[in-house]
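Q: fold the following, please.
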Amino acid sequence: MAISSQSLRTPAPWASSRSRGRSSDGTSRSVVVGLSFPRIEPPADTDGSASREFAYEAEPLRGAYSWPPAAAAGQKTRAPSGGQFHASAAVTQRRLLACRGHAGSDMPPFLRLDVPAREPAAAVLPVPYERTTSWGRGTENGPGALLVASDYVELYDEELDAEPCQIGIETLPPVDVGGSDESVLRRISAAAEATLRDGRFLAAVGGEHTVTPALVRGARDATERDLGVVQFDAHADLRQTYGGTAWNHACAMSRVLDLGLPTLAVGIRSLTRPEAARIANEGLPIIWAEQLDALPRPELEVLFEGLLASLPDTVYLTFDLDFFDPSVLPATGTPEPGGGTWYQALALLRRLFDRKRVIAMDVVELAPIPDNPASDFTAAKLLYKCIGYRFRRELAGMPGT
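A: Below is the predicted model of the structure:
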């Protein structure tokens, strides 16, 4: 029996309180909207790797897809109005209705969707990784907060006149983020590559921006085409090292460039002198935040489209939420004034998805603010909008959308 979206519009059962404390076993816990993540010191590295390089082929998935389904009978889920999703009683062993978190906590599925009746076209991958945030902390709680907030995103998109979830969206188990930096990054890459080789659009949710180079590496290895990377961000993230490591969120785009991939940055308004020199010397294409504000919308879109033309047809999108002005989305560890607006972002994202074949994306650097879920909801809606743009043509041909 299919479940209608209207019958499931009751509030989700997850609590809204957020606090820090100690569990009964003495482990420090960080509770975000009812999602409890023990803070556990990662074990010593056991893979013998002393290099910053990834030995991807030597690292198994180790938990990236190892959890069994944790669906509970009677768990409330939603379905598109077309009724093309099974009820929770029909959950299969292959898919998850609720994903077991990296520390044993339940994360709800994106949009609280029921299990797709058809093979899903998109997969949401939580990556609760936080090791190097340099100011405000909490990005490890970003995936859980976004997934909880997504419960309240309307399935119907008035711009597309469709329900993008009709294409089938699966929420994968969170990547295991325990262990050394190198082993975690290998697991992230392996999860991304496996999802893309399975023919699905990948939408990863961080976590700090350090996860992006690993995701991009997995995307590059999964595609036989040249790959470009589009970065929405307040910061250049072009440091070679920061805080004593090359795997820092301030170095994310340097690690992407190390892969030999062309990039385009949008919204930059904070960088160091060496980063500015590198941009000038290497001719890295950028739309500065000031241009977002100064240019009329049509001129901005023309500029963006012209710079997009320098990238390959196949693209990876990384969206650091501090791209937005803090008045739009304050819940990020390194906010910067003078950022983009919601509709500026959507206008450019529409152009991107219309002009390029976007095979994967991430939304990173959400650091939830206690008792203020507005940013969590904005991030969740942004992810859903991007999925809608990605499958715009497919949705136009679907009955009931």
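Q: any low-confidence regions in the stretch 301-401 of the chain?
A: Scanning the stretch 301-401 of the chain for pLDDT under 70 picks out 399-401.
Q: SS state for the residue nearest the centre of the chain?
A: With distances taken as CA atoms, centre = their mean, the residue of the chain nearest its centroid is V205 (2.6 Å). At V205 the chain is in strand, as set by DSSP: H, G, I helix; E, B strand; the rest coil.
Q: okay, and the beta partners of it?
A: Beta bridges link V205 to P126, V363, judged by DSSP bridges.
Q: residues contacting it?
A: Going by CB atoms under 8 Å, 6 or more residues apart in numbering, V205 touches 124-127, 142-143, 146-147, 362-364, 366, 383. Heads up, the C-betas are built off the backbone N, CA and C, glycines and all.
Q: can you pick the most crowded of those residues?
A: Within the contacts of V205, P143 tops the neighbour count with 34 neighbours, counted by other CB atoms under 10 Å.
Q: distance check, it against E224.
A: Computed as CB to CB, to the nearest Å, the P143 to E224 distance reads 30 Å.
Q: D258 too?
A: In terms of CB to CB, D258 sits 21 Å off from E224.
Q: comparing those two, which residue is more hemmed in?
A: The neighbour count for D258 versus E224, taken as other CB under 10 Å, is higher for D258 (15 against 6).
Q: chain neighbours aside, what residue packs nearest to the more buried one?
A: Residue nearest to D258 in three dimensions, not counting chain neighbours: P213, with 7.7 Å by CB to CB, 6 or more residues apart in numbering.
Q: would that neighbour count as being in a helix?
A: Yes. Under three-state DSSP, P213 sits within a helix.
Q: would you agree it is in contact with R255?
A: Yes. Using CB atoms under 8 Å, P213 is in contact with R255, at 3.6 Å.
Q: out of these two, which sits in the more crowded spot?
A: Neighbour tally, P213 and R255, criterion other CB under 10 Å: the higher count belongs to P213, 28 against 23.
Q: distance check, the more buried one against S189.
A: Counting by CB to CB - P213 and S189 are separated by 9 Å.
Q: swap in A222?
A: Noted for A222: a distance of 10 Å to S189, by CB to CB.
Q: the more surrounded of those two?
A: Ranked by neighbour count (other CB under 10 Å), A222 and S189 place S189 first, with 26 against 20.
Q: shouldn't the more buried one be within a strand?
A: No. Judged by three-state DSSP, S189 forms no part of a strand; its state is helix.
Q: and it, how far is that from L202?
A: Counting by CB to CB, the gap from S189 to L202 is 12 Å.
Q: list residues touching both of the two?
A: Shared contacts of S189 and L202, defined by CB under 8 Å, 6+ apart, comprise L215.
Q: elements contacting the helix or strand that L264 is a member of?
A: In the assignment (DSSP states H and E), L264 maps to strand 263-268. The helices and strands touching strand 263-268, judged by 3 or more CB pairs under 8 Å, 6 or more residues apart in numbering; DSSP states H and E, are strand 227-232, helix 252-258, strand 286-288, helix 289-294, helix 297-308.
Q: so which of these is the most surrounded?
A: Highest mean neighbour count among the helices and strands packed on strand 263-268 (mean count of other CB atoms under 10 Å): strand 227-232, with a mean of 24.
Q: that strand pairs with which strands?
A: strand 263-268 (parallel), strand 314-320 (parallel).
Q: export these to TSV and tack on distance to I279 and mean neighbour count?
A: Shown next, in TSV, are the strands paired with strand 227-232 (distance: least, CB to CB, whole Å; neighbours: other CB atoms under 10 Å):
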stretch	distance to I279	mean neighbour count
strand 263-268	8	25
strand 314-320	17	25
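Q: which stretch among those comes nearest G333?
A: Nearest to G333 among the strands paired with strand 227-232 is strand 314-320; the distance by CB to CB comes to 10.3 Å.
Q: and the closest one with helix 297-308, angle?
A: On the basis of axes from the mean of the first three to the mean of the last three CA atoms, to 10 degrees, strand 314-320 is oriented at 120 degrees to helix 297-308.
Q: quick one, what contacts F377?
A: By CB under 8 Å, 6+ apart, F377 lies in contact with 149-150, 152-153.
Q: out of these, who's nearest F110?
A: Each of the contacts of F377 was scored against F110 by CB to CB, and S150 proved nearest at 5.2 Å.
Q: shouldn't that closest one be within a strand?
A: No. Checked against three-state DSSP, S150 lies outside a strand; its state is helix.
Q: that one: neighbour count?
A: Applying other CB under 10 Å, we find 25 residues neighbouring S150.
Q: now the strands for this structure?
A: With DSSP state E, the ranges of strands along the chain come out as 19-22, 28-32, 35-38, 99-100, 106-107, 122-127, 169-171, 201-206, 227-232, 263-268, 286-288, 314-320, 357-364.
Q: dump the ones you listed to TSV, plus distance to I387.
A: Listed next are those as TSV, based on distance: least, CB to CB, whole Å:
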stretch	distance to I387
strand 19-22	32
strand 28-32	23
strand 35-38	22
strand 99-100	17
strand 106-107	18
strand 122-127	5
strand 169-171	7
strand 201-206	6
strand 227-232	16
strand 263-268	19
strand 286-288	23
strand 314-320	11
strand 357-364	9
